[in-house]
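Novice: sequence below, structure please.
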Amino acid sequence: MNPVKEQQSIPTGKVERAARFAFTGAKLGVNYVKHYTRKLLDPDTPREALHEANAEDIYEVLSSLKGSALKVAQMLSLDRGLLPRAYAERFALSQYSAPPLSGPLVVNTFLKTLGKTPAQLFDRFNPHATHAASIGQVHEAWKNGKKLAVKIQYPGVAHSVKSDLRIVKPIAIRIVGLQEADMDQYFEEVETKLLEETNYRLELERSQELSRLCSQIPALIFPTYYPEYSSDRIITMDWLDGLHLQDFLATQPTQDIRNRAGQALWDFYQFQIHHLRKVHADPHPGNFLFQPDGRVGIIDFGCVKEIPQDFYENYFALTRPELLRNEAHRRQIFRDLGILHPSDTEKEIQFFTELFQHLIDLTTLPFQQETFDFGDEGFFDRIYSYTDYVYSLPEVRHSKIVRGTRHSLYINRTYFGLYSILGDLKAQVKTSWRHIDELAAYLPR
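Specialist: Here you go, the predicted structure:
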């Protein structure tokens, strides 16, 4: 097995990072020229080859820049219906691995933020990263006989968020194929969340708080955190053993074990959303460690979405059909959520109401049943097919009006990620509102 090549430095200056993006843009242009030249010679040349070349080049630069640039790729990879397959598969690597930083850069981070080297703080420290992703990388350490996980933030990540997003935005628009207006509304929300993710002191505080509040939910495991070995760029916690999702599924767990894992994740998310009004909003598979008996370890609270009460009430009214029977009330909820716009004509109101109502009926089906089988591939096929249909409509593709509010971005992302994991698990889960209401029993007395 070849050793993973370590990165000796990360471009941190705006000019240098912008130059990397500009070089990537030029490579994409060359790829397009090559593709259309081949098309002239062979009209049947598939577009997939172009996507694969572009995905490889974009991922190469994003993984070297790390930070918000790579995080955008990670976020896009969660939405299977948004990206061409080649991009989704390549960007999915950012959920688990990226080229790690070299040992000297790691030691330098300890000296700058804790005033001591890893060797002075721990009994043993592995200078080679075990996992490397978008914002930071994880190292093994040992103290007083206990194995620890030490997460270290990449240099310059916090300072490059704003400039990175300005630079990556045109590439994201080009890949996704959406109108710029459709992306604008979300970039401010993404920027806010990414800046929070680079604040490791905030993450440590949230990790301790949410771990404590969710610790009574069955089949969940949380590490203990160690503030004395943490800083604004380092978080130290217990090492949790376990397998990432695909490795766990490769062990061929029984249906009962998959159900236990799925129920734990469903309860974890519904408890936070409906009873705490704040939620671990980064449900990509790299943040969960599955145990052989179906328990699930939760290891990352970097991205937490706090849910405003008015948004919560309107958003989850969509999961309760009895609240949408009154047409005037339904239209008001749609307006409050930004689905309907003040400038819409009566014809547009009817069109978008019907369009979104059908999507809502499809995606909220689990809430209407006592137990839901996420192994039902037809459920996901219907959602993906209808989403493709919606995006294909000229009224949607060419609309200059954004439908939805900034708060919906991370809540939609959370549910999409959760549904995707439960679908991979093929879990049968208690999902009804009655069950969700019963989760209030886990609130502290």
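Novice: need the phi and psi values for residue 217.
Specialist: With angles defined as degrees, to the nearest 10, residue 217 sits at phi -70, psi 130.
Novice: my error: substitute residue 116 in the last question.
Specialist: Phi and psi for residue 116, reported as degrees, to the nearest 10, are phi -140, psi 160.
Novice: list the contacts for it?
Specialist: If you count contacts by C-beta atoms under 8 Å, 6 or more residues apart in numbering, residue 116 has them with residue 110. All C-beta spots, glycine's among them, are computed from the backbone N, C-alpha and C.
Novice: can you check residue 306 too?
Specialist: 277, 278.
Novice: can you check residue 364 too?
Specialist: Contacts of residue 364 by C-beta under 8 Å, 6+ apart are 318, 319.
Novice: could you give the backbone dihedrals for it?
Specialist: Torsion angles at residue 364 (phi, psi; degrees, to the nearest 10) stand at phi -100, psi 10.
Novice: with residue 153 instead?
Specialist: phi -80, psi 140.
Novice: what backbone torsions are found at the residue lying closest to residue 118 once chain neighbours are set aside?
Specialist: Of all residues not flanking residue 118 in the chain, residue 125 sits nearest, at 3.8 Å (C-beta to C-beta, 6 or more residues apart in numbering). Note on residue 125: backbone dihedrals following degrees, to the nearest 10 are phi -150, psi 130.
Novice: give me the number of residues near residue 125?
Specialist: 21 (other C-beta atoms under 10 Å).
Novice: swap in residue 320?
Specialist: Neighbourhood size, residue 320 [other C-beta under 10 Å]: 13.
Novice: separation between it and residue 329?
Specialist: Here residue 320 is placed at a distance of 11 Å from residue 329 (C-beta to C-beta, to the nearest Å).
Novice: same check on residue 405?
Specialist: Residue 405 is 18 Å from residue 329, by C-beta to C-beta.
Novice: more crowded one of those two?
Specialist: Counted by other C-beta under 10 Å, residue 405 and residue 329 do not tie: residue 405 has more neighbours, with 19 against 12.
Novice: is the more buried one in contact with residue 339, as I believe?
Specialist: No. Applying C-beta atoms under 8 Å as the test, residue 405 and residue 339 come out as separate, 9.1 Å apart.
Novice: which SS class is the residue positioned nearest the centre of the chain?
Specialist: In the chain, the centroid-proximal residue (C-alpha atoms, centre = their mean) is residue 282; its distance is 4.0 Å. Using DSSP: H, G, I helix; E, B strand; the rest coil, the structure places residue 282 in coil.
Novice: quick one, phi/psi of it?
Specialist: Dihedral pair for residue 282: phi -130, psi 70, per degrees, to the nearest 10.
Novice: and residue 300, by the same measure?
Specialist: phi -150, psi 120.
Novice: how many residues are close by the spatially closest residue to it that is not a sequence neighbour?
Specialist: What sits nearest to residue 300 in space, not counting adjacent residues and going by C-beta to C-beta, 6+ apart, is residue 287, at 4.3 Å. Using other C-beta under 10 Å, residue 287 has 20 other residues around it.
Novice: list the contacts for residue 287?
Specialist: 280, 298, 299, 300.
Novice: just the buried ones from these?
Specialist: For these, a neighbour count by 16 or more other C-beta atoms under 10 Å gives the buried set as 280, 298, 299, 300.
Novice: which one of those is nearest residue 379?
Specialist: Nearest to residue 379 among the buried ones among the contacts of residue 287, counting by C-beta to C-beta, is residue 280 at 23.7 Å.
Novice: what residues are up against the residue lying closest to the closest one once chain neighbours are set aside?
Specialist: Distances taken as C-beta to C-beta, 6+ apart put residue 301 closest to residue 280, at 5.7 Å, once the chain neighbours are dropped. Residues near residue 301 by C-beta under 8 Å, 6+ apart: 203, 206, 207, 210, 211, 280.
Novice: same question, residue 118
Specialist: Contacts of residue 118 by C-beta under 8 Å, 6+ apart are 106, 107, 110, 125, 127, 139, 141, 150.
Novice: now, the residues you listed that are in strands?
Specialist: Under the assignment DSSP state E, the contacts of residue 118 contribute 125, 139, 141, 150 to strands.
Novice: who wins for most neighbours among the residues you listed?
Specialist: For the ones in strands among the contacts of residue 118, neighbours tallied by other C-beta under 10 Å; top is residue 150, 27 neighbours.
Novice: contacting residues around that one?
Specialist: Going by C-beta under 8 Å, 6+ apart, residue 150 touches 118, 122, 125, 138, 139, 140, 141, 229, 234, 235, 236.
Novice: likewise residue 339?
Specialist: So residue 339 contacts 352, 353, 356, 403, 404 (C-beta under 8 Å, 6+ apart).
Novice: run the last query once more with 7 Å
Specialist: 352, 356, 403, 404 (C-beta atoms under 7 Å, 6 or more residues apart in numbering).
Novice: among the residues you listed, which one sits closest to residue 187?
Specialist: residue 404 (13.7 Å).
Novice: now do the contacts for the closest residue to the closest one other than its chain neighbours.
Specialist: Spatial nearest neighbour of residue 404, chain neighbours left out: residue 338 (5.0 Å); criterion: C-beta to C-beta, 6+ apart. Listed by C-beta under 7 Å, 6+ apart, the contact set of residue 338 reads 403, 404, 405.
Novice: now those residues in a markdown table, please, with extra columns for distance to residue 246, pLDDT and secondary structure.
Specialist: Below are the contacts of residue 338 laid out as a markdown table (distance: C-beta to C-beta, whole Å; pLDDT from 0 to 100; DSSP: H, G, I helix; E, B strand; the rest coil):
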| residue | distance to residue 246 | pLDDT | secondary structure |
| --- | --- | --- | --- |
| 403 | 34 | 79 | coil |
| 404 | 31 | 82 | coil |
| 405 | 34 | 83 | coil |
